[in-house]
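K.L.:
Fold the following and give me the result.
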Amino acid sequence: MKRIGILGGTFDPPHNGHLMIADEVKHACQLDEVWFIPTNEPPHKQQAMSNNDHRITMLKKALAHTSYFMVNTIEMERSGKSYTIDTIKLLQERHPNTSFYFIIGADMVEYLPNWNQIDELMTLVQFVGVKRPHYSMQTDYSILEVEVPELDISSRDIKQRINNDEPFKFFVPLNVYQYIKDECLYE
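P.N.:
Model prediction:
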């Protein structure tokens, strides 16, 4: 049976923190691959600033040099809000011989009670929680915890740095940095 990690998010933009988390969990949980799934319309935060094409292009650039990282656009195939339960059910239907591990940060561990159909979702997928600065990992739900080095980078902070004309070159992969500059994103 194949073991696939799932890292969902807006990836607006994808950054080195995303890559580091995915790599740490891949190795700690002995996963075959990690699929990055950009959300179309997240239910718990604002819509992405960049359009879907820009986000997919940046994500592909960010993952280009790691053979076990893949982009999966399953959530962009649907309109409306992207709920994890719908994504997991569809993935299981399309990939029946696969165990999925849904990777979330500590901020989302705290938010689990608010997830759509969380009790059913917990029976369908193994959640993997990674520590994040300023958040605890306390929850009543069964999750695997993976220790990762703390790297306090967020897409929100990167966009703010760009908007304030502050350096951000080493927050994202170099080819993503160049794409953001070439396309004048977030200015």
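K.L.:
Which parts of this protein are strands?
P.N.:
Secondary structure of the chain by DSSP state E: the strands cover 2-9, 33-38, 69-71, 98-105, 126-130, 143-146.
K.L.:
right, and those strands - which one's nearest residue 83?
P.N.:
Closest approach to residue 83 among the strands of the chain (C-beta to C-beta): strand 2-9, 10.7 Å. All C-beta spots, glycine's among them, are computed from the backbone N, C-alpha and C.
K.L.:
and the closest one with strand 98-105, angle?
P.N.:
30 degrees (axes from the mean of the first three to the mean of the last three C-alpha atoms, to 10 degrees).
K.L.:
let's number from 45 now, not from 1
P.N.:
Shifting the count to begin at 45 puts that one at strand 46-53.
K.L.:
Partner strands of strand 46-53 and their direction?
P.N.:
The pairing partners recorded for strand 46-53 under DSSP bridges are strand 77-82 (parallel), strand 142-149 (parallel).
K.L.:
Can you check which of those strands gets nearest to residue 207?
P.N.:
Between the strands paired with strand 46-53, strand 77-82 lies closest to residue 207; by C-beta to C-beta that is 21.6 Å.
K.L.:
Any figure for the gap between the closest residue to residue 221 other than its chain neighbours and residue 67?
P.N.:
Distances taken as C-beta to C-beta, 6 or more residues apart in numbering put residue 213 closest to residue 221, at 5.2 Å, once the chain neighbours are dropped. For residue 213, the distance to residue 67 equals 20 Å [C-beta to C-beta, to the nearest Å].
K.L.:
between these two, who's got more neighbours?
P.N.:
residue 67 (16 against 11; other C-beta atoms under 10 Å).
K.L.:
where's that one relative to residue 93, distance?
P.N.:
From residue 67 to residue 93 the distance is 26 Å (C-beta to C-beta).
K.L.:
Identify the residues contacting the helix or strand of the chain with the lowest mean pLDDT?
P.N.:
Within the chain, no helix or strand scores below helix 150-155, which has a mean of 88 by mean pLDDT, DSSP states H and E. Residues external to helix 150-155 that are found in contact with it (C-beta atoms under 8 Å, 6 or more residues apart in numbering): 88, 171, 173-176, 179-183, 185, 187.
K.L.:
switch the cut-off to 10 Å
P.N.:
Outside of helix 150-155, the residues within contact range by C-beta atoms under 10 Å, 6 or more residues apart in numbering are 52-53, 88, 128, 146, 148-149, 158-159, 162, 171-183, 185, 187, 189, 198.
K.L.:
Now that helix: buried residues?
P.N.:
150, 152, 153, 154 (16 or more other C-beta atoms under 10 Å).
K.L.:
Could you do stretch 66-74 as well?
P.N.:
Within stretch 66-74, the residues that count as buried by 16+ other C-beta under 10 Å are 66, 67, 68, 69, 70, 72, 73.
K.L.:
quick one: average pLDDT of that stretch?
P.N.:
Mean pLDDT, stretch 66-74: 98.
K.L.:
Tell me which stretches of this protein form helices.
P.N.:
60-72, 96-107, 128-138, 150-155, 162-168, 199-207, 218-227 (DSSP state H).
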